[in-house]
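Asks: here is my input; please provide its structure:
(4 chains)
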2 protein chains.
Amino acid sequence: MGSLADSMEDYLKKLLSLSASGCIDIKRKELAGKFMCVPSQVNYVLETRFTLEKGFSVESKRGGKGFVRIRKLDLSAENLLSMILQDIMDAQMSESSARGMIHRLYELKYISFRESRLMETTLNSLQIVQDVTLRNSLTGLLLRDMLLMLIKYNF
Amino acid sequence: MGSLADSMEDYLKKLLSLSASGCIDIKRKELAGKFMCVPSQVNYVLETRFTLEKGFSVESKRGGKGFVRIRKLDLSAENLLSMILQDIMDAQMSESSARGMIHRLYELKYISFRESRLMETTLNSLQIVQDVTLRNSLTGLLLRDMLLMLIKYNF
DNA sequence: TTATCTTTGACCTTCTCTGACCTTTACTAA
DNA sequence: TTAGTAAAGGTCAGAGAAGGTCAAAGATAA
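Replies: Take a look at the predicted model:
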């Protein structure tokens, strides 16, 4: 069976999916109690599973009436396009930002899972290019062209 | 008589064939214990017998509640992808034959139109690689990895 | 005998989980 | 008001639990 962290992740995601607003408030200590672990374990789960990268935002308040609020972000199309535009404008497209972009495109359902894997596979294969400069330009070029293609054939 | 590696291979393949999902999770240390060998021997078996080329995918997670997951991929003979795979397994590939292959895959409905465009875009971008040998190896590698990916994430 | 395949073991990296200690906030008694 | 206190939540380093790597030694096959 999965780790405690995994179950806690599942539990929170289930709560989130059941909530109409895509937002839940929890008590750190209560949650820890329910899972019979130390409160800081909750932070561990939040830091590893509910990151911005993964499409969540977490805010909290300390002290009496404190809480931890978890939100499922739904990135708007405008946000995404502006981000991508920026990435493309920046001449240098690092491999990691390329991967981030691919992931976001998938999350937003602009590309299918297979398409995202196809794009990532390309990045992987490029790793055998020794010349870093060549590899980086290839990465940028590839992402750009793929995006243009996707846009052309109707996003 | 067979080596330890051979028996371990047989054992794992039997487990796989008994599993309805074609997927098993094992504990590296436990398996090593069962065969009275060091844990790294398990890695040796996985690396030599359960490769992507041989139709398996292996993923794992470290740390507490870690695991090694072995999947049997569909590489059956009637699978066109696997036949194509044989052709290009270790060879270089010219751009034109790569394009032909992509087109065939599309015609046979193994890939969508967008997917075919994505793959072709990659070939286009590779054109900036001057060194023909490098370019052809990259082309072969890319096609191969893309096919393996398509097989891995199964239809 | 040489080349290839197996096996081992020392050392490494990643992931989880815990506990001690810190900071912030609401409330309340002076 | 203000100072103090209790009740949250936050941080961080370290321990423990997997799995991974690599090179060298030991077998086997050609």
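Asks: so what's A:V58 up against?
Replies: A:L46, A:F50, A:V68, A:R69, A:I70, A:R71 (CB atoms under 8 Å, 6 or more residues apart in numbering or on different chains). Every C-beta, even on glycine, is put in place using the N, C-alpha and C of the backbone.
Asks: ok, 6 Å please
Replies: Going by CB atoms under 6 Å, 6 or more residues apart in numbering or on different chains, A:V58 touches A:L46, A:F50, A:I70.
Asks: give the bridge partners for it, please.
Replies: A:I70 (DSSP bridges).
Asks: quick one on the thing from earlier: just the contacts of A:V58 now: which is nearest A:L118?
Replies: A:F50 (28.0 Å; CB to CB).
Asks: the closest one contacts A:E59, doesn't it?
Replies: No. Judged on CB atoms under 6 Å, A:F50 makes no contact with A:E59 at a distance of 11.1 Å.
Asks: still on that earlier bit, now the contacts of A:V58 as a markdown table including distance to DNA strand D?
Replies: A markdown table is the format used below for the contacts of A:V58 (distance: CB to the nearest atom of the strand, whole Å):
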| residue | distance to DNA strand D |
| --- | --- |
| A:L46 | 7 |
| A:F50 | 11 |
| A:I70 | 11 |
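Asks: just curious, which of the residues you listed is nearest to B:R104?
Replies: A:F50 (44.0 Å).
Asks: so what's that closest one up against?
Replies: Contacts of A:F50 by CB under 6 Å, 6+ apart are A:F56, A:V58, A:I70.
Asks: is the last one in contact with A:D25, as I believe?
Replies: No. Taking contacts as CB under 6 Å, A:I70 lies outside contact range of A:D25: 8.1 Å.
Asks: show me the contact partners of the one helix or strand A:L16 maps to.
Replies: Assessed by DSSP states H and E, A:L16 sits inside helix A:4-18. Residues outside helix A:4-18 that contact it (CB under 6 Å, 6+ apart) are A:I24, A:F35, A:C37, A:V45, A:R49, A:K72.
Asks: enumerate the residues of chain A near DNA strand C.
Replies: By CB under 7 Å from any atom of the strand, the part of chain A that sits against DNA strand C consists of A:3-6, A:37-38, A:40-41, A:44, A:48, A:61-66.
Asks: picking that back up, as PDB, could you dump the C-alpha coordinates of the helix holding A:L16?
Replies: Taking Å, rounded to 0.1, in the frame of the first residue of the first chain, the C-alpha atoms of helix A:4-18 are listed here in PDB:
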ATOM      1  CA  LEU A   4       0.800   7.800   4.600                       C
ATOM      2  CA  ALA A   5       1.600  10.800   2.400                       C
ATOM      3  CA  ASP A   6      -0.100   9.200  -0.500                       C
ATOM      4  CA  SER A   7      -3.300   8.500   1.400                       C
ATOM      5  CA  MET A   8      -3.300  12.000   2.800                       C
ATOM      6  CA  GLU A   9      -2.900  13.300  -0.700                       C
ATOM      7  CA  ASP A  10      -5.800  11.200  -2.000                       C
ATOM      8  CA  TYR A  11      -8.000  12.200   0.900                       C
ATOM      9  CA  LEU A  12      -7.400  15.900   0.300                       C
ATOM     10  CA  LYS A  13      -7.900  15.600  -3.400                       C
ATOM     11  CA  LYS A  14     -11.200  13.800  -2.800                       C
ATOM     12  CA  LEU A  15     -12.300  16.600  -0.600                       C
ATOM     13  CA  LEU A  16     -11.300  19.100  -3.200                       C
ATOM     14  CA  SER A  17     -13.200  17.300  -5.900                       C
ATOM     15  CA  LEU A  18     -16.300  17.100  -3.700                       C
END
